[in-house]
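> Need a 3D model of the following:
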Amino acid sequence: MANISIKNDAGLMTLAVRLVIGWTYFSAFWRRTILVDKLDPETAGYIGEKFNHFLPNALGIKPIIQYLVENPDILWINMVLFTIIEGIVGLFIIFGLFTRIMSVGVFSLAMGILLGSGWIGTTCLDEWQIGVLGIATGFVLFLTGSGRYSLDNYMLKNNFSITTKKWFAWVGSGTLPIKESVFPKFVLGGSIFILGMTLMTNQVFHGGLWGPLHNKSVKPVLEITEGRIDNSTLSFDVFRTEGVDVYGSWVINIELLDGQGDAVVQYNQADLASLPEESISNYYVSEIKSGKHSLIVPLGAKATLNLHDDNLSGLSMGSYLLKITDISGAFWEHEIEIK
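Numbering: from 1, shown residues only. Now for the predicted structure:
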């Protein structure tokens, strides 16, 4: 192996980046398996429910997320695999073992975070920053590999047979087998792509380049669709698409208003807190359910509500307004037509 000046050892210069980004990913495995069991679907904080939070505004990968949250068994398998991969990638990056292939793992995991949850973040655009910085650091580690303090370097110094393979430089460390005339273009192209992803997602998720800034994590938004009245049953779908991911929307009032604004039926706070389970048909693993004082609607949860009331039987034709009110005072309306 050619002697490399310590001052020119790019892998050594990125040691702090390697250790921190490695711990960032390994700590996800550590938290979910050692500190707290977050892989149990029956416990609070199940990682699958947090994954469900990504659904409403994910970019590009929304169909994949929706398929997984609609199939809890497949979701659980993927959450376990995802956690194991994060642990392996993080640990190998920390020790500088097969650094370049692991940096591709860092890049890919960060890309998933960015596209899935880059819109989430109440104060500092948290998930977006984690995603774009993970992509950038993954690319940098691929370029530099690991230097002086790494297992890759130990194997190179001691002439392990694996290091003589042509592919080792691509998966481990050492000089990348790219022509010197091509290498600057490779670096520039990758950097421009990452900057482009950064600017594009900043604009799409937050309006960070032009137009009004927006943060979809500040307050809850409920979408009401499929409203209908059949005999004595009011049915509709409700889907929470915005708001803080760790904080529910507390629905304290649901009412159906006639053309004069008078309530035909009304479910108050106490009614919603005691709503029977059979009245709620959830679509995903994150569930809408009755709480102690209200109806709780987590981020990303969607359900069909079936509300029975004798006053709904025999309503005259015309337009009716379904109104759902949150404890904050925010409300959402949906028009239902009886023909």
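> what about the protein, any weak spots by pLDDT?
Along the chain, the model assigns pLDDT under 70 to residues 1-8.
> How is it divided into domains?
6-206, 221-338 (automatic domain parsing).
> can you give me the strands in the stretch 151-300 of the chain?
Counting by DSSP state E, counting those that start in this stretch, one finds strands in the stretch 151-300 of the chain at the ranges 221-230, 233-242, 249-257, 263-267, 280-282, 289-290, 295-297.
> Dump the fourth one to CSV, restricted to CA.
Coordinates of the C-alpha atoms in strand 263-267 are reproduced here as CSV (Å, rounded to 0.1, in the frame of the first residue of the first chain):
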residue,chain,number,x,y,z
ALA,A,263,-78.0,20.8,14.9
VAL,A,264,-79.8,17.7,13.7
VAL,A,265,-77.5,15.5,15.8
GLN,A,266,-74.6,16.3,18.1
TYR,A,267,-71.9,14.2,19.8
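> Not including adjacent chain positions, what is the nearest residue to E333?
In this structure, E333 finds its nearest non-sequential neighbour in K323, 5.1 Å apart by Cβ to Cβ, 6 or more residues apart in numbering. Backbone N, C-alpha and C define where each C-beta goes, glycine included.
> Out of the strands of the stretch 151-300 of the chain, the one nearest L176 is which?
Closest to L176 of the strands of the stretch 151-300 of the chain, according to Cβ to Cβ: strand 233-242, at 43.4 Å.
> circling back: would you reformat the domains of the chain as TSV and include distance to L213 and mean neighbour count?
Output for the domains of the chain, formatted as TSV (distance: least, Cβ to Cβ, whole Å; neighbours: other Cβ atoms under 10 Å):
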stretch	distance to L213	mean neighbour count
domain 6-206	6	18
domain 221-338	15	17
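> does the residue nearest to A58 when sequence neighbours are not counted count as helix, strand or coil?
Computed as Cβ to Cβ, 6+ apart, the closest residue to A58 that is not its neighbour in sequence is G116, at 4.9 Å. Reducing the assignment at G116 to three states with DSSP: H, G, I helix; E, B strand; the rest coil gives helix.
> Tell me which residues are up against the host helix or strand of F51.
Counting by DSSP states H and E, the element that carries F51 is helix 47-53. Under the contact criterion Cβ atoms under 8 Å, 6 or more residues apart in numbering, helix 47-53 has outside partners 32, 38-39, 41, 65, 68-69, 72, 75-76, 79, 83, 116-117, 120, 245, 284-286, 298-301.
> Any idea what T225 is bridged to?
Counting by DSSP bridges, T225 is bridged to D237.
> tell me the contacts of it?
T225 makes contacts with 236-237, 239, 334, as judged by Cβ under 8 Å, 6+ apart.
> right, and the pair among these with maximum separation?
Farthest pair in these, by Cβ to Cβ: F239 and H334, 11.6 Å.
> returning to what we had before: show me which of the contacts of T225 is closest to I94.
Looking across those and measuring by Cβ to Cβ, the closest to I94 is F239, at 40.4 Å.
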